[in-house]
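Undergrad: After the sequence you'll find the predicted model.
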Amino acid sequence: MRIIGINGSPRKKGNTQALLKVAMKSSKIDNVKLIHLVDYEILSCDGCGACWKTKKCPIDDDLEKVISELVRSDAIIIGSPAYYGTVSAQMKAFIDRSGELLGARGHPLKGKVGGALSVARRWGHITTWTALLLYVLEMRLIVPGAGWGAATAMKPNEVINDEEGVERAKELGKSIGKLSRILSKKS
Ligand SMILES: Cc1cc2nc3c(=O)[nH]c(=O)nc-3n(C[C@H](O)[C@H](O)[C@H](O)COP(=O)(O)O)c2cc1C
């Protein structure tokens, strides 16, 4: 089985990736991949609607590379820092572009297991987490209840000191791993 974490932070050694790693480790899924969106060029959606006719996006960038990684995975966790109370610009572009294209393609991620994690310094944990959660639910992922996946931190790696936030990430990872194993036996 394969689990993938999508890091929306431009800080590749920051808190979001640290939290995603905690969750993925806790899933006990052996094949683990972490994608930093900042390593990929994903431009914002221009709303042309072409994908709904052609099932392709006319913008020539790295979106398909990330989508193919998602399609090859059994479980997906997306994470973002709070930027002014919502997801980072990298994550927003990814949500809009992949959301439209995957919708046009009939939701190929349907039935995979997923979840979301957010990190904020003080305000906006839940609004950020909710934006991520709305995406994974709209993509038809199966999301286990594991509490509110949000942690508090500012400087890189500070998140490890937020015991309760780390605990929620572990709980999410554990539930995602368990559910993925159950579903893989039944399908
Ligand atoms: C542009 C920007 C906007 C931010 N907006 C918020 C915010 O709305 N609420 C908050 O609590 N922290 C905010 N922060 C702090 C980050 O969410 C926090 O430092 C987080 O740990 C960053 O995660 P990272 O290390 O994965 O990048 C902001 C930081 C930046 C750079």
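TA: Noted; the coordinates are in hand.

Undergrad: pLDDT below threshold where in the chain?
TA: 186-187 (pLDDT under 70).

Undergrad: Which residue comes closest to the residue positioned nearest the centre of the chain once chain neighbours are left out?
TA: Centroid-nearest residue in the chain, with C-alpha atoms, centre = their mean: Ile78, separated by 1.2 Å. Using C-beta to C-beta, 6 or more residues apart in numbering and skipping residues adjacent in sequence, the residue nearest Ile78 is Ile6, 4.4 Å away. Any C-beta I mention is one placed from the backbone N, CA and C, and that applies to glycine too.

Undergrad: ok, now Gly14?
TA: Counting by C-beta to C-beta, 6+ apart, the residue nearest Gly14 is Pro156, at 4.7 Å.

Undergrad: show me the contacts for the residue of the chain found nearest the ligand.
TA: Residue of the chain nearest the ligand, by C-beta to the nearest ligand atom: Gly14 (2.4 Å). By C-beta atoms under 8 Å, 6 or more residues apart in numbering, the residues touching Gly14 are 81, 119, 156-157.

Undergrad: Quick one: the helices in this structure, in order.
TA: Assigned by DSSP state H, the chain shows helices spanning 15-26, 51-54, 63-71, 89-104, 125-138, 163-186.

Undergrad: So which elements touch the fifth one?
TA: Yep, that's helix 125-138 we're talking about. When contacts are defined as 3 or more C-beta pairs under 8 Å, 6 or more residues apart in numbering; DSSP states H and E, helix 125-138 sits against strand 75-81, helix 89-104, strand 113-120, strand 150-152.
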